[in-house]
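Engineer: Structural data only, the sequence is not supplied:
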Ligand code: SAM
Ligand code: SF4
């Protein structure tokens, strides 16, 4: 699940009512690495800490508590965390010299995988906690504040954190995330997720629907359902029935005011008939699907334990496109998986040519300690990985540019999510997930409006407003958390 380059917001502090004792206000800064699930988790951590008086800080310099919500998917992602901890050590020391205290916490998948090792390498850290224990965060922070040594909680509790989280403390804005499923039982041989996030678990449909209604009531027009393997969703439905993701999408589509639905990340093996029917029947389900294939070689796919071949993936793509002809596809690719030959890599290029992606994410294979592929004897040299990655990315970039250029002259509905980099510009998303820049007043933030696309860039589109502006808008987004890639 790729990172989304969008800052997420925290609520403004509510002023105490007359006669009410003011809360003790402390400042919280959360830096989020990795995927959208981490972005969602960071928002929920802020919700858990709000009753302790924690409010958002714009920078780590101002914060009483800094949380690094980390990603362990590739080595580079984990190493970034340790270099950030080096910078934070200096901030913490400077604060202590001035008689103050800054606490540092490491959360997420690096915390889960490295545990004690983090405190050994970075003794400035006060608290280490995994992705399944942040519902206990208030107690953990209190304990860490009193403790001389660092506190660790990387257990996999029997209770689901979702049953113990408070309701969301503040709106996410026009485009919101909602976690419906966590963990993974697939054990792809390259992947650390089943070890860091634990076993697959789905939230009950009623809890998902209730959270979606609250998000819509607070201004969301689009909801992206999240899960490590979101289409493996099998939540408890009414009357003890089990709902798949397709059934859940049909129910969500009935929520008034919810204009757009998306979901990510999917596994090709879990794309069932009801989910394909949702793509055919639901106008709210956006015509964009991230469906990672990883490789086009059957030999590599088998060694990865993906449990499908290239032909099966192509047949699935054909079924999806028959159901939703304008569906734009995206994927993840790994190059240089152990044993990948030139022929295997050529098969990946052929598959990419055959599918034609609107965008995609591609990575050099990164051995993750404890995963089977890391032990494989036939590791591919770094230079070969780099060469293959450059070739694959060249092809994917050509396809993305072609897709973007195909949008020029079309009128696309754009949901305006944030202010653009330039003055007087808003940034939104097309139905196909493209970033779209439009000259428009800030008051249109949160609105879904038709835009005439005039210009295509490799990673974005630009256009001008094409319709009337009399649709009611949603509240503004403020950015106070940082999302790192
Ligand atoms: N569940 C999704 C699936 O099955 O496709 C993928 C989720 S994974 C968190 C996101 C992406 O990271 C994967 O699709 C894969 O391309 C990439 N990835 C995971 N482990 C990797 C590794 N060891 N080296 C390089 N890329 C990796
Ligand atoms: Fe990782 Fe495979 Fe599970 Fe995706 S399906 S999260 S790649 S183990």
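Structural biologist: On my side now, so go ahead. Quick caveat: nothing in here was measured; it's all calculated off a predicted structure. Residues are numbered from 1 along each chain as shown. Ligands and ions are numbered 1, 2, ... in the order given.

Engineer: all contacts plus neighbour counts: C-alpha atoms, from now on.
Structural biologist: Fine.

Engineer: Distance-wise, check the residue nearest to residue 316 when sequence neighbours are not counted relative to ligand 1.
Structural biologist: Distances taken as Cα to Cα, 6 or more residues apart in numbering place residue 268 nearest to residue 316, at 7.6 Å, with adjacent residues excluded. Look at residue 268 and ligand 1: by Cα to the nearest ligand atom, to the nearest Å, they are 8 Å apart.

Engineer: Residue 396: which element?
Structural biologist: helix 382-405 (DSSP states H and E).

Engineer: Give me the packing partners of the next helix or strand after that helix, helices and strands only.
Structural biologist: Following helix 382-405 in sequence order, the next helix or strand is strand 411-419 (DSSP H and E). Packing partners of strand 411-419 (3 or more Cα pairs under 8 Å, 6 or more residues apart in numbering; DSSP states H and E): strand 425-429, strand 448-456.

Engineer: quick one on the thing from earlier: and the residue nearest to residue 316, its phi and psi?
Structural biologist: phi -60, psi -30 (degrees, to the nearest 10).

Engineer: For it, grab the count of nearby residues.
Structural biologist: 21 (other Cα atoms under 10 Å).

Engineer: from the middle of its chain, how far away would stretch 417-431 be?
Structural biologist: The chain centroid and the centroid of stretch 417-431 are separated by 20 Å, computed with Cα atoms, centre = their mean, to the nearest Å.

Engineer: For that stretch, measure first residue to last.
Structural biologist: End-to-end distance for stretch 417-431, by Cα to Cα, to the nearest Å: 13 Å.

Engineer: What are the buried residues along that stretch?
Structural biologist: 417, 418, 419, 420, 425, 426, 427, 428, 429, 430, 431 (16 or more other Cα atoms under 10 Å).

Engineer: how about the residues you listed in CSV, adding pLDDT and distance to residue 440?
Structural biologist: Below are the buried residues of stretch 417-431 laid out as CSV (pLDDT from 0 to 100; distance: Cα to Cα, whole Å):
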residue, pLDDT, distance to residue 440
417, 94, 12
418, 93, 11
419, 92, 9
420, 89, 10
425, 95, 5
426, 96, 6
427, 97, 9
428, 97, 11
429, 98, 14
430, 98, 16
431, 98, 19
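
Engineer: What is the nearest of those to residue 437?
Structural biologist: residue 427 (4.8 Å; Cα to Cα).

Engineer: could you give the angle of the helix holding residue 396 to strand 448-456?
Structural biologist: 120 degrees (axes from the mean of the first three to the mean of the last three Cα atoms, to 10 degrees).

Engineer: now what about helix 382-405, what contacts it?
Structural biologist: 335-336, 345, 349, 352, 356-360, 362-365, 455-461 (Cα atoms under 8 Å, 6 or more residues apart in numbering).

Engineer: mind running it again at 7 Å?
Structural biologist: 335-336, 349, 356-360, 363-364, 456-458 (Cα atoms under 7 Å, 6 or more residues apart in numbering).

Engineer: Might you enumerate the residues of the stretch 151-300 of the chain proximal to ligand 2?
Structural biologist: 184, 186, 187, 188, 191, 193, 194, 228 (Cα under 6 Å from any ligand atom).

Engineer: In TSV, list these along with distance to residue 304, neighbour count and pLDDT.
Structural biologist: Formatted as TSV, these follow (distance: Cα to Cα, whole Å; neighbours: other Cα atoms under 10 Å; pLDDT from 0 to 100):
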residue	distance to residue 304	neighbour count	pLDDT
184	15	22	95
186	10	16	96
187	9	16	97
188	5	20	98
191	9	23	96
193	14	23	94
194	14	18	94
228	17	25	93
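
Engineer: which among those gets closest to residue 58?
Structural biologist: residue 228 (29.1 Å).

Engineer: what sits against the closest one?
Structural biologist: Counted by Cα under 7 Å, 6+ apart, residue 228 has contacts 182, 183, 184, 265.

Engineer: Stretch 294-304: end-to-end distance?
Structural biologist: 9 Å.

Engineer: buried stuff in that stretch?
Structural biologist: 294, 295, 296, 297, 298, 299, 300, 301, 303, 304.

Engineer: From these, pick the one nearest ligand 1.
Structural biologist: residue 294 (5.6 Å; Cα to the nearest ligand atom).

Engineer: and the gap between the residue nearest to residue 316 and residue 73?
Structural biologist: From residue 268 to residue 73 the distance is 20 Å (Cα to Cα).

Engineer: ok, now residue 326?
Structural biologist: Taking Cα to Cα, one finds residue 326 at 32 Å from residue 73.

Engineer: Of these two, give the one with the bigger neighbour count.
Structural biologist: Ranked by neighbour count (other Cα under 10 Å), residue 326 and residue 73 place residue 73 first, with 21 against 13.

Engineer: Now do the same for that one: its pLDDT.
Structural biologist: You'll see residue 73 listed with a pLDDT of 90.

Engineer: again, but for residue 13
Structural biologist: pLDDT at residue 13 comes out at 31.

Engineer: now swap in residue 148 and tell me
Structural biologist: Value for residue 148, per-residue pLDDT: 84.
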